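Engineer: Got a predicted structure here, sequence first:
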Amino acid sequence: MENLVHALIIACKHINASTSTDPDKDIEVLESIAAELHNLSSIEKELLIDVAKKLGMENWLNEIGLL
């Protein structure tokens, strides 16, 4: 699970920092990812939060609205 969360964080950070020719699409993708994460069960959210904190990524949790 730690690798999955880390990969998700890397992908979100990359999309957020991207200098894409279609920034609206980038924002749409990030919003879609955040929406899916908000639909996790409470157990899944706890696990995601625990792993992200373990990786020192509390700021990412704030960015997507999970903290």
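Structural biologist: Structure received. Residues are numbered from 1 along each chain as shown.

Engineer: Next up, the contacts around residue 15.
Structural biologist: The neighbours of residue 15, taking C-beta atoms under 8 Å, 6 or more residues apart in numbering as the test, are 26, 29, 30. Quick note: C-beta positions are derived from backbone N, CA and C, even for glycine.

Engineer: what about the residue of the chain most remote from its centre, which helix or strand?
Structural biologist: Distance from the C-alpha centroid of the chain, by C-alpha atoms, centre = their mean, peaks at residue 21 (21.8 Å). According to DSSP states H and E, residue 21 maps onto no helix or strand at all.

Engineer: tell me the phi and psi of residue 20?
Structural biologist: phi -60, psi 160 (degrees, to the nearest 10).

Engineer: State the pLDDT value of the residue farthest from the centre of the chain.
Structural biologist: Listed pLDDT for residue 21 reads 83.

Engineer: do the same with the one 10 residues further on
Structural biologist: Residue 31 is assigned 87 on the pLDDT scale.

Engineer: and it, how many residues sit next to it?
Structural biologist: Counted by other C-beta atoms under 10 Å, the residues lying close to residue 31 total 11.
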